[in-house]
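Asker: What follows is a predicted structure for the sequence shown.
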Amino acid sequence: MKLIFDVSVLAWSVRNNKAKTGIFRVIENLLKQFIHDPEIDLYLSSVHGNICDFYKYLEIHNIKIESDHLLVPQSYSEYKDRLFLFYLWFLDLFEFK
């Protein structure tokens, strides 16, 4: 079975520990299971533009996925990275406790 799995939440956790919520744990555990399941042809994606953090998460957790199974832009965009940082700052600014 082919499976495309969005791991954007995992990528967010590289810069912001607040991303390590319940859904983070669920996605992280599912990813670990999917990687080791021989019946799953796994493709990873990250839709929120935090591509550098996506690659960093894979590196930190020693996750090896063939490049043709990564459905993300192959090149880094400093503009998109700054936009993502602004987005995180904006979310923190309006955080309700």
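Answerer: Perfect, I can see it now. Numbering: from 1, shown residues only.

Asker: any chance you could map the strands in this protein?
Answerer: Assigned by DSSP state E, the strands in the chain fall at 2-6, 41-45, 70-71.

Asker: Low-confidence regions, the chain specifically.
Answerer: Residues of the chain that meet the criterion pLDDT under 70 lie in 48-49, 73-77, 95-97.

Asker: ok, the residue lying closest to residue 23 once chain neighbours are set aside - how many residues close by?
Answerer: Spatial nearest neighbour of residue 23, excluding adjacent residues (Cβ to Cβ, 6 or more residues apart in numbering): residue 9 at 5.9 Å. From N, CA and C alone the C-beta is placed, and that goes for glycine too. Each residue near residue 9 was counted by other Cβ atoms under 10 Å, and the total is 19.

Asker: coming back round to it: I'd like to know which of the strands of the chain is closest to residue 28.
Answerer: Residue 28 sits nearest to strand 2-6 of all the strands of the chain, at 11.2 Å, using Cβ to Cβ.

Asker: Measure how the closest one sits relative to strand 41-45, angle-wise.
Answerer: Per axes from the mean of the first three to the mean of the last three Cα atoms, to 10 degrees, the angle that strand 2-6 makes with strand 41-45 is 20 degrees.

Asker: So for strand 2-6, what gets flagged as buried?
Answerer: For strand 2-6, the buried set under the neighbour-count rule, 16 or more other Cβ atoms under 10 Å, comprises residue 5.

Asker: Packing partners of that strand?
Answerer: Other elements packing on strand 2-6 under the criterion 3 or more Cβ pairs under 8 Å, 6 or more residues apart in numbering; DSSP states H and E are helix 22-36, strand 41-45.

Asker: which one of those is the most hemmed in?
Answerer: Mean neighbours per residue, mean count of other Cβ atoms under 10 Å, is largest over these for strand 41-45, with a mean of 16.

Asker: need the helices and strands packed on strand 2-6 in a markdown table with distance to residue 70, can you?
Answerer: Formatted as a markdown table, those follow (distance: least, Cβ to Cβ, whole Å):
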| stretch | distance to residue 70 |
| --- | --- |
| helix 22-36 | 13 |
| strand 41-45 | 6 |
